[in-house]
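[1] sequence and predicted structure are below.
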Amino acid sequence: MLSPDELERYARHIVLREVGGPGQAALKAASVVVVGAGGLGAPALMYLAAAGVGTLGVVDDDVVSLSNLQRQIIHFTPDIGRPKVDSAAEKIHALNPYVKFVAHATRLAASNTMALLSGYDLVLDGSDNFETRYLVSDACFLAKKPLITAALGMFDGSLTTVRAHEKNAAGEFNPTYRCLFPEAPPPGTVPACAEAGVMGALAGVLGSMMALEAIREIVGFGDGLVGRLLMVDARAMRFETLRYRWDKDNPLNGERPTIVDLVGAR
């Protein structure tokens, strides 16, 4: 049930035929956890809070540094040195007090990821390393949770939705993250953000698109990104979509799955 204040707050959503009152109520009832309160997680959190997602969880064990502020728009200059989850909590509460915020100031590992993610309806992964991406994607499959995952390069980014625990209309499993990227690149081949740099506004574009995809998943309208990788080229300002399919040899939901828990996946 939406209060009079919420009806006014979300009026521009409610007048959309694809959302309406039922869609806004679904957003209020939803719980979403965002992995990383950084370049991708910051704008995603702001737009999910503004949209009225009822419960927002954030996983991040880092503190705000000066170099973060070029792209991590949920953090301000006075926040330098504060835990990112505390800084994010303050901004989200100021933006929308109807949102319940849950801080997880911890680093994800095989020992805690399943328990942490299992309490949410939807997972958004904005982490900045392949180890965490594989860990989160494996956990989402095992926990039967939908996953929206994005990644950033210097002037490029990508976004996809993974529902590998479900089957498509043909009765075939949806693809996993491992169907798209069977193995992580060798160590040292992909430079870290601190070494290569990243265009700050690009993080805002991809993070906002993560939030949009999450809203579409919760409300249930449009054609989602399951089996499609959306790629953004900021140099040419070009958007392209790559389709990918289930790989029968993938270790999660393939014909001979070998990953049955997170310990075995590492």
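    Sure thing, it's come through.
[2] am I right that Thr149 is in a helix?
    No - Thr149: not assigned to a helix; according to DSSP: H, G, I helix; E, B strand; the rest coil it is strand.
[3] relative to Leu40, how far out is it?
    9 Å (Cβ to Cβ, to the nearest Å). No exception for glycine: its C-beta is placed from N, CA and C like everyone else's.
[4] please apply the same query to Ser111.
    If you go by Cβ to Cβ, the gap between Ser111 and Leu40 works out to 25 Å.
[5] also Arg163?
    Look at Arg163 and Leu40: by Cβ to Cβ, they are 20 Å apart.
[6] neighbour count: these two, which is higher?
    Leu40 (34 against 22; other Cβ atoms under 10 Å).
[7] any low-confidence regions in the protein?
    188-195, 264-266 (pLDDT under 70).
[8] try 50 this time
    Judged by pLDDT under 50, the chain has its weakly predicted residues at 266.
[9] residues contacting stretch 256-266, please?
    110, 113-114, 134-135, 138-139, 142, 249, 251-252 (Cβ atoms under 8 Å, 6 or more residues apart in numbering).
[10] not counting sequence-adjacent ones, nearest residue to Gln70?
    Gly200 (4.5 Å; Cβ to Cβ, 6 or more residues apart in numbering).
[11] which residues touch that neighbour?
    Contacts of Gly200 by Cβ under 8 Å, 6+ apart are 39, 70-71.
[12] ranges for the strands of the stretch 1-150 of the chain?
    For the stretch 1-150 of the chain, the strands defined by DSSP state E, counting those that start in this stretch occupy 31-35, 55-59, 100-104, 122-125, 147-152.
[13] so which of these is the most surrounded?
    Among the strands of the stretch 1-150 of the chain, the stretch with the highest mean neighbour count (mean count of other Cβ atoms under 10 Å) is strand 122-125, at a mean of 27.
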